[in-house]
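*Asks:* Need the 3D shape of this:
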Amino acid sequence: MADMTRKSTPSTVGTVEAALSDDGAGLALTRELARVLDEPHAGADGRHRDEPSPFHDGDPVGTVSAVCTVKQLRPDAGPAGVSAIHKGAVDGPVEVTRTGIVTDEHGDRAHHGGADKALYAMSAAEQRHWSQVLGGIEPGRLGENLLIEGDIDDVEIGAILSIGDPAAGGLRVRVTGVRNPCATFARGVGRADWVEVFSSRSRVGVYLAVLAEGVVQAGDEVRVVASPGHRVTCRRWFAHHDPRDAQALLNSEIFGNCVIAPFTKKYVRAAAHEQVG
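*Replies:* Numbering: from 1, shown residues only. Take a look at the predicted model:
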């Protein structure tokens, strides 16, 4: 395990293991939230690359490689006082309701969990990348409920997915938005610069609302049931917050092709009024 304790980089304090028992109050965070409402985003300039979703209705996205639920609560310097970010993989089928995995927990319920954030899914490739950056971490340590061997960040906001076979007890879910890396996350890994570092690749993972309850387990296939067609993928939205993409999202909702969750819509509405440079 790589030792990150007060080396030459002042933004790293302690190891990931130490962060499990340290509430992070001593971290001087360089940024507390990746995307701040009404703060113009650097990518909102109308010059994004053409990044259409590679997925169409019926396309496979990938497979579930790990299902993770809370292992222990850790003390946290935030308002909630605790964090449930420390999760770990579990074996076999796991029951999922409209509010998420039945055995999971959330510390800060004001910002985490709830019907629109019932599940947090992350690319398994990204988890492996960040594990190397942090010196080795197990699945679930970044707060993810599902690890997907596939480009989950490249699905469109509002897409409906199946996980497993819904006819045989699998799930049907809606992609509601992207993770907004925050101070709780930074304290959870013990790095003051984590919000910026984790955001740098724009593959921050996606939140899912559960439309049809059931069970999930490693090996389940993830497949697109219906994609809105506005072409704004989760990665594209997080990376750019482009005003024209914001308008496309709002138009898709007006035409009945897309449901935009409130936690996403407030950012979409703000970006829609930004000037395209």
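
*Asks:* Which parts of the stretch 101-250 of the chain are helices?
*Replies:* Secondary structure of the stretch 101-250 of the chain, counting by DSSP state H, counting those that start in this stretch: helices at 124-134, 183-189, 194-199, 234-240, 243-254.

*Asks:* The closest residue to residue 52 other than its chain neighbours: neighbouring residues, count only.
*Replies:* Using C-beta to C-beta, 6 or more residues apart in numbering and skipping residues adjacent in sequence, the residue nearest residue 52 is residue 231, 4.6 Å away. Just so you know, the C-beta spots here come from the backbone N, C-alpha and C atoms, and that holds for glycine as well. Per other C-beta atoms under 10 Å, the neighbour tally for residue 231 reads 16.

*Asks:* and what of residue 259?
*Replies:* By other C-beta under 10 Å, the residues close to residue 259 number 19.

*Asks:* buried ones in stretch 206-223?
*Replies:* Neighbour-count burial for stretch 206-223 flags 206-211, 213-218, 220, 222-223 (criterion: 16 or more other C-beta atoms under 10 Å).

*Asks:* of these, closest to residue 117?
*Replies:* Nearest to residue 117, judged by C-beta to C-beta, of the buried residues of stretch 206-223 is residue 207 at 4.5 Å.

*Asks:* Contacts only, for the closest residue to residue 175 other than its chain neighbours.
*Replies:* With sequence-adjacent residues excluded and distances taken as C-beta to C-beta, 6+ apart, residue 175 is closest to residue 159, at 4.8 Å. Going by C-beta atoms under 8 Å, 6 or more residues apart in numbering, residue 159 touches 53, 55, 174-175, 224-228.

*Asks:* got it, and residue 126?
*Replies:* By C-beta under 8 Å, 6+ apart, the neighbours of residue 126 are 153, 201, 203, 205.

*Asks:* which among those end up buried?
*Replies:* Here, 16+ other C-beta under 10 Å leaves 153, 203, 205 buried among those.

*Asks:* got JSON lines for these, with distance to residue 125 and pLDDT too?
*Replies:* Formatted as JSON lines, these follow (distance: C-beta to C-beta, whole Å; pLDDT from 0 to 100):
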{"residue": "153", "distance to residue 125": "10", "pLDDT": "96"}
{"residue": "203", "distance to residue 125": "8", "pLDDT": "96"}
{"residue": "205", "distance to residue 125": "12", "pLDDT": "98"}
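
*Asks:* and those as CSV, adding distance to residue 25?
*Replies:* Shown next, in CSV, are the buried ones among the contacts of residue 126 (distance: C-beta to C-beta, whole Å):
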residue, distance to residue 25
153, 32
203, 29
205, 26
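
*Asks:* Looking at these, spot the one nearest residue 98.
*Replies:* Closest approach between those and residue 98, by C-beta to C-beta: residue 205, at 19.9 Å.

*Asks:* Report the contact partners of that closest one.
*Replies:* 120-123, 126, 144, 152-153, 178-179 are the contacts of residue 205 under C-beta under 8 Å, 6+ apart.

*Asks:* which other residues reach the longest strand along the chain?
*Replies:* Longest strand in the chain by number of residues, with DSSP state E as the criterion: strand 60-70. Residues from elsewhere that reach strand 60-70 (C-beta under 8 Å, 6+ apart): 55, 84, 86-90, 94, 101, 103-105, 124, 139-140, 144-152, 155, 161, 163-164, 216-224.

*Asks:* do that again at 6 Å, thanks
*Replies:* 84, 87-90, 94, 101, 103-105, 124, 139-140, 144-150, 216, 218, 220-223 (C-beta atoms under 6 Å, 6 or more residues apart in numbering).
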